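S.K.: just coords:
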């Protein structure tokens, strides 16, 4: 087995291993370091011994042993004795809250109101998804050193403030819910179109985000934004089988084989969207889910109700007035009012470090016949993404431009 294959398995299991260690030892730094040491042991042993039947269990056990070794090394006699007793300690765990899911509790810990909002998301992506600091920095469009400082400060805050590792009481759930939903969605996004690495799509992350979304749905059945987020992820995930072609190139929505979409996931997502509409308290995730419901309801691209999509983007922008929402709204306007109108709006956004901004500009310029400008925009888009499928698609489109 190659090191790359071992690292893939490790990344799939990383969140589960770290969450288990945090529950056991109550220290995020120890959990993260021990999980990393377990990878080094796997890289050394698995090529010789083979992958164990339960890789996640093996990694958790190995990391747990490494954590105990570290505690023993750093402690005096009494603490050493206590660390050794951890192996056979029958004392019940401190109550963990409303659900018995390690990774969901880890998210709620990372999303404590005492932490800065941007730190909550970054720390969770690091501990749950196993993303590198560089990958997280790229997702946030900030320098890697800045992101490293955010994560370090967040972990220190959890330690010094003695923030408990549990889901908060029912009365306090809403205070953290927004951050938790944002984290779950970003984990899903990183899986659906990885910011870097050998794999264009990481099914472990999309699957984990949907699993957490279902748990949150059971935990908070009366929260329409929870239902909206789950619907959004299901409707996007339904298109995943057609997202990348056999040659490893990204396939945009307009060119996807809709017969390959997962109809069961689409039906479940549509049902959740209808439920949200009946509640009548629209929010960010509900509106994004509704937009995707319109896309997945159309039998082909020409049948898409772009007027409805543009109207939904107007509502979304009123709730979440971000440049990214404005960019997506411009894509819909291009179908209604033409690429020239859309380009004027896109050019005013200034998202110069965002690859989708340059890719959108490139496509609009191509449609307007402005090949030289389109070529430059494609170059900028290719330089701004490390996803291999996306780079392949953008490179081909660039090569097809008229001289």
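M.R.: Good, I have the coordinates. What you see is a predicted model, and the numbers here were worked out from it, not measured in a lab.

S.K.: wait, residue 166 sits on residue 108?
M.R.: Yes: Residue 166 lies in contact with residue 108 (C-beta atoms under 8 Å); the separation is 7.1 Å. All C-beta atoms are positioned from the backbone trio N, CA, C, and that covers glycine.

S.K.: more crowded one of those two?
M.R.: Using other C-beta atoms under 10 Å as the criterion, residue 166 and residue 108 rank with residue 108 on top: 28 against 18.

S.K.: in what helix or strand does that one lie?
M.R.: Assigned by DSSP states H and E, residue 108 belongs to helix 102-110.

S.K.: average pLDDT for the helix or strand that that helix is followed by?
M.R.: Moving toward the C-terminus from helix 102-110, the next helix or strand (DSSP H and E) is helix 117-129. Over the span of helix 117-129, the pLDDT mean works out to 77.

S.K.: let me know the angle separating whichever helix or strand comes after helix 117-129 from helix 117-129.
M.R.: Under the assignment DSSP H and E, the closest C-terminal helix or strand after helix 117-129 is helix 133-140. Using axes from the mean of the first three to the mean of the last three C-alpha atoms, to 10 degrees, the inter-axis angle of helix 133-140 relative to helix 117-129 is 130 degrees.

S.K.: pull the residues that contact helix 133-140.
M.R.: By C-beta atoms under 8 Å, 6 or more residues apart in numbering, the residues outside helix 133-140 that reach it are 118, 121-122, 125-126, 131, 143-144, 146-148, 151, 186, 189-190, 195-197, 386.

S.K.: pull out the buried residues from the helix holding residue 108.
M.R.: By neighbour count on 16 or more other C-beta atoms under 10 Å, the buried set for helix 102-110 is 102, 103, 104, 105, 106, 107, 108, 109, 110.

S.K.: same question for stretch 34-48.
M.R.: 34, 35, 37, 38, 39, 42, 46.

S.K.: my guess is the second one meets residue 63, correct?
M.R.: In other words, residue 35. Yes: in terms of C-beta under 8 Å, residue 35 counts as a neighbour of residue 63; the distance is 4.9 Å.

S.K.: so what sits against both of those two?
M.R.: Counting by C-beta under 8 Å, 6+ apart, the shared contacts of residue 35 and residue 63 are 17, 21.

S.K.: and stretch 262-277, which residues are buried?
M.R.: In terms of neighbour count (16+ other C-beta under 10 Å), stretch 262-277 has its buried residues at 262, 265, 266, 268, 269, 270, 272, 273, 276.

S.K.: all the helices of the stretch 251-400 of the chain, in order from the start?
M.R.: Along the stretch 251-400 of the chain, counting by DSSP state H, counting those that start in this stretch, helices occupy 263-279, 284-297, 306-319, 323-337, 339-347, 355-367, 371-383, 388-399.

S.K.: what are the buried residues along the last one?
M.R.: Read that as helix 388-399. By neighbour count with 16+ other C-beta under 10 Å, helix 388-399 contains the buried residues 388, 389, 390, 391, 392, 393, 394, 397, 398.

S.K.: burial count for the closest residue to residue 333 other than its chain neighbours?
M.R.: Of all residues not flanking residue 333 in the chain, residue 342 sits nearest, at 4.7 Å (C-beta to C-beta, 6 or more residues apart in numbering). Neighbour count for residue 342, taken as other C-beta under 10 Å: 25.

S.K.: and the pLDDT for residue 342?
M.R.: Predicted confidence (pLDDT) for residue 342: 96.

S.K.: show me what contacts it?
M.R.: 330, 331, 333, 334, 364.

S.K.: closest to residue 245 among those?
M.R.: Closest approach between those and residue 245, by C-beta to C-beta: residue 331, at 21.5 Å.

S.K.: thought residue 380 was touching residue 356?
M.R.: No: counting by C-beta under 8 Å, residue 380 does not reach residue 356; the two are 11.3 Å apart.

S.K.: how is the chain carved up into domains?
M.R.: 3-88, 94-193, 222-321, 322-403 (automatic domain parsing).

S.K.: need those in JSON lines (columns: distance to residue 209).
M.R.: Output for the domains of the chain, formatted as JSON lines (distance: least, C-beta to C-beta, whole Å):
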{"stretch": "domain 3-88", "distance to residue 209": "10"}
{"stretch": "domain 94-193", "distance to residue 209": "4"}
{"stretch": "domain 222-321", "distance to residue 209": "6"}
{"stretch": "domain 322-403", "distance to residue 209": "18"}
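
S.K.: who wins for proximity to residue 215 among the ones you listed?
M.R.: Among the domains of the chain, domain 94-193 comes nearest to residue 215, with 5.6 Å by C-beta to C-beta.

S.K.: any idea how far that closest one is from the chain center?
M.R.: With C-alpha atoms, centre = their mean, to the nearest Å as the basis, domain 94-193 stands 12 Å off its chain's centre.

S.K.: and what of stretch 39-57?
M.R.: Mean-position distance between stretch 39-57 and its chain equals 26 Å (C-alpha atoms, centre = their mean).

S.K.: mind checking the end-to-end distance for that stretch?
M.R.: End-to-end distance for stretch 39-57: 13 Å, by C-alpha to C-alpha, to the nearest Å.

S.K.: and the contacts of that stretch?
M.R.: 1-3, 6-7, 9-10, 13, 16-17, 58-59, 62, 66.

S.K.: and if you look at stretch 213-223?
M.R.: Here stretch 213-223 makes contact (C-beta under 8 Å, 6+ apart) with 98-99, 101, 104, 167, 173, 177, 180-181, 184, 226-227, 229-230, 233.

S.K.: of those, buried ones?
M.R.: Neighbour counting over these (16+ other C-beta under 10 Å) leaves 98, 101, 104, 167, 173, 177, 180-181, 184, 226-227, 229-230, 233 as the buried ones.

S.K.: biggest separation within these, which pair?
M.R.: Farthest pair in the buried ones among the contacts of stretch 213-223, by C-beta to C-beta: 98 and 233, 21.5 Å.

S.K.: what angle do the helix or strand hosting residue 43 and helix 117-129 make?
M.R.: Under the criterion of DSSP H and E, residue 43 resides in helix 28-49. Between helix 28-49 and helix 117-129, the angle comes out at 30 degrees (the same axes, to 10 degrees).
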